[in-house]
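A.B. asks: coords please:
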Amino acid sequence: MVAEGRRCCAGAAACEQSCSACFANTLASDHHPWRRILKYDGCFLDYFHARTASVPALYKPRKERWITPTMVVVGFIPVFCFGLGTWQMQRLQWKINLIDELQEKLQLQPLSLPKKINLSVIPEFIWRRVVVRGKWDHAHTMLFPLRVREGVVGVHLVTPLIREDGSTVLVNRGFLSQEHAENHSWDRPEEEVEVFGMLRTSQPRNAFTPDNHPEEGIWYWYDVNAMSEYAGGEQSNVQPVYLEQIFEGHAGQASYCIDHGIPVGRPPTVDLRNSHLSYVITWYSLSALTAFMFLRLLVNRKQSNVRRLPRYG
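C.D. replies: Next up is the predicted model:
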């Protein structure tokens, strides 16, 4: 039995040597798959990737551009609207300061205009109350149609006032009903009068305002130079100075004057329009709205990229 055991062991050893030699011969062959596996440090996955590297991909992901013309435009709009809102905020503060300044001017004592008025300083005294004395030059009265006061259609009556020193200024006496204007039945004082007014200048016309026709007696907007020339010009000592007469009565008195053909002057207040606050609200609201739209667009594009199916290549 000992002999049989030795033979078995010898056979096993010979078999092991034979298997080792066979395995070594196998690895020596470059065409055997296991040889290729061991070339990649014994990693089977490396071999698998190497085998499939030459296989073309069936699907390729779509590459989306984040910066597009639409994104640039939508992103620029809120910045632009915010800038306009800030600019209107500055304009609002400027208009508030201007109105406060003019209101302070109205509280000052009325000025008495000198005989010879320095026209270059008139802009500094706009909206300032003044007092003048003289007689009306009814022959050069000018009517400005298409005016409305308290629901009544009428005109504004501008009449030159010949002062005590011989110089003449232009005075807007105020509103006159259309009926009295057509019938030429308005009040025409012949005696000397004292007028409290507010110093003004030519008012800008808009694109829809017709041209004045002085030769036909048709006036639509206040052109002080043209009005002074119509009243006689420099040769008649008419100065291009324009006043708006002030009416400080109550509504009942104004109605009485309108009914009886007495011109009703302007109220002693500053009537400058101040709509900048509405512009501020509008532009800032548009800025916030478009900024929200821009963020939604970014989120939607991101979500669509995540959910988008790969494109077949």
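A.B. asks: switch to C-alpha atoms for all contacts and neighbour counts from now on
C.D. replies: OK.
A.B. asks: give me the number of residues near the residue lying closest to V155 once chain neighbours are set aside?
C.D. replies: Once flanking residues are discounted, V155 sits nearest to P145: 4.3 Å by Cα to Cα, 6 or more residues apart in numbering. Number of residues near P145 (other Cα atoms under 10 Å) recorded here: 20.
A.B. asks: Surely P145 touches H156?
C.D. replies: Yes - contact criterion Cα atoms under 8 Å: P145 and H156 qualify, at 6.6 Å.
A.B. asks: picking up where we left off before, pretty sure the residue nearest to V155 sits in a helix.
C.D. replies: No - applying DSSP: H, G, I helix; E, B strand; the rest coil, one finds P145 to be strand, outside a helix.
A.B. asks: what residue ranges in the chain score low on pLDDT?
C.D. replies: Applying pLDDT under 70 to the chain flags the ranges 1-67, 302-313.
A.B. asks: for it, what spans make up the strands?
C.D. replies: 59-60, 111-112, 129-136, 142-149, 152-163, 168-177, 193-200, 238-245, 311-312 (DSSP state E).
A.B. asks: Not counting its neighbours along the chain, what's nearest V132?
C.D. replies: Using Cα to Cα, 6+ apart, the nearest residue to V132 is V195, at 5.4 Å.
A.B. asks: can you pull the contacts of the one you found?
C.D. replies: Going by Cα atoms under 8 Å, 6 or more residues apart in numbering, V195 touches V131, V132, R133, Q245.
A.B. asks: Okay, domains of this protein per the record?
C.D. replies: 2-55, 128-259 (automatic domain parsing).
A.B. asks: which parts of stretch 211-225 are buried?
C.D. replies: Within stretch 211-225, the residues that count as buried by 16 or more other Cα atoms under 10 Å are N212, W219, Y220, W221, Y222, D223, V224, N225.
A.B. asks: And stretch 274-286, by the same measure?
C.D. replies: Neighbour-count burial for stretch 274-286 [16+ other Cα under 10 Å]: H276, Y279, V280, W283, Y284, S285, L286.
A.B. asks: What of stretch 72-83?
C.D. replies: Quick answer for stretch 72-83 (16+ other Cα under 10 Å): V74, G75, I77, P78, V79, C81, F82.
A.B. asks: ok, which stretches of the stretch 1-150 of the chain are helices?
C.D. replies: 2-28, 33-39, 44-52, 69-106 (DSSP state H, counting those that start in this stretch).
A.B. asks: ok so, going back, adding distance to P268 as columns, could you present the strands of the chain in CSV?
C.D. replies: Output for the strands of the chain, formatted as CSV (distance: least, Cα to Cα, whole Å):
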stretch, distance to P268
strand 59-60, 78
strand 111-112, 15
strand 129-136, 9
strand 142-149, 16
strand 152-163, 17
strand 168-177, 12
strand 193-200, 8
strand 238-245, 9
strand 311-312, 76
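A.B. asks: The ones you listed: which one's closest to F294?
C.D. replies: strand 311-312 (27.1 Å; Cα to Cα).
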